[in-house]
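Peer 1: Just the structure for this:
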Amino acid sequence: MKRLLTTLVAALVLGCSVLAADPEIAGNWIGAVETDRGAMEIGLRITATDGKLAGTLKTAHGDWEVTSITTKNGEWTVSFKGGENEGRMAGRIVNNKFTGDWKSKMANGRFEMTRAKKKN
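Peer 2: Now for the predicted structure:
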């Protein structure tokens, strides 16, 4: 019984690790953010390697590091940092569109991004 319980716990832990690296968000995204300080075009590149997600947020202010990516109840949160700014984008992916709230030290608003088509 103890061995069965240990096996089940290990399977659950491994299963949770796979869910944390859900490739749904992986890929290249292009779009814009509308904030209280104006609009800005943005690009997001997310890679999934060895069960870990990493990325870069491209902005008019330069490339910002994605510091964490999490998902809960179908909502993705992408935290970022660049220069003196840091913040997060939180939203849902529906029909290859990632939309939601943008909050940062510099500005708050809404973002909308579309998954970029893969080049053949």
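Peer 1: Grab the nearest non-local neighbour of the residue most central in space within the chain.
Peer 2: In the chain, the residue lying closest to the centroid (C-alpha atoms, centre = their mean) is residue 78, at 3.8 Å. Among residues not flanking residue 78 along the chain, residue 89 sits closest, at 4.8 Å (C-beta to C-beta, 6 or more residues apart in numbering). Any C-beta I mention is one placed from the backbone N, CA and C, and that applies to glycine too.
Peer 1: For the one you found, which residues are in contact?
Peer 2: Shown in contact with residue 89 (C-beta atoms under 8 Å, 6 or more residues apart in numbering): 33, 77-78, 80, 100-103, 111.
Peer 1: State the distance from it to residue 118.
Peer 2: 22 Å (C-beta to C-beta, to the nearest Å).
Peer 1: re earlier: among the contacts of residue 89, which one lies nearest to residue 63?
Peer 2: Proximity of the contacts of residue 89 to residue 63 (C-beta to C-beta) peaks at residue 80, which lies at 10.0 Å.
Peer 1: what pairs with residue 64 across the strands?
Peer 2: As for beta bridges, residue 64 partners with residue 57 under DSSP bridges.
Peer 1: picking that back up, counting neighbours, which of the contacts of residue 89 comes out on top?
Peer 2: residue 78 (26 neighbours; other C-beta atoms under 10 Å).
Peer 1: just checking, that residue touches residue 56?
Peer 2: No. Between residue 78 and residue 56 there is no contact under C-beta atoms under 8 Å: 10.7 Å.
Peer 1: Am I right that residue 106 is in a strand?
Peer 2: No. Assigned with DSSP: H, G, I helix; E, B strand; the rest coil, residue 106 falls outside any strand and is coil.
Peer 1: dump the residue contacts of it.
Peer 2: With the criterion set at C-beta under 8 Å, 6+ apart, residue 106 makes contact with 35, 37, 85, 87.
Peer 1: Likewise for residue 98?
Peer 2: Applying C-beta under 8 Å, 6+ apart to residue 98 gives the contacts 25, 29, 31, 44, 76, 91-92, 111-115.
Peer 1: where exactly do the helices run in the protein?
Peer 2: Ranges of helices in the chain, per DSSP state H, are 2-20.
Peer 1: If you average pLDDT per helix and strand, which one of it comes out bottom?
Peer 2: helix 2-20 (a mean of 42; mean pLDDT, DSSP states H and E).
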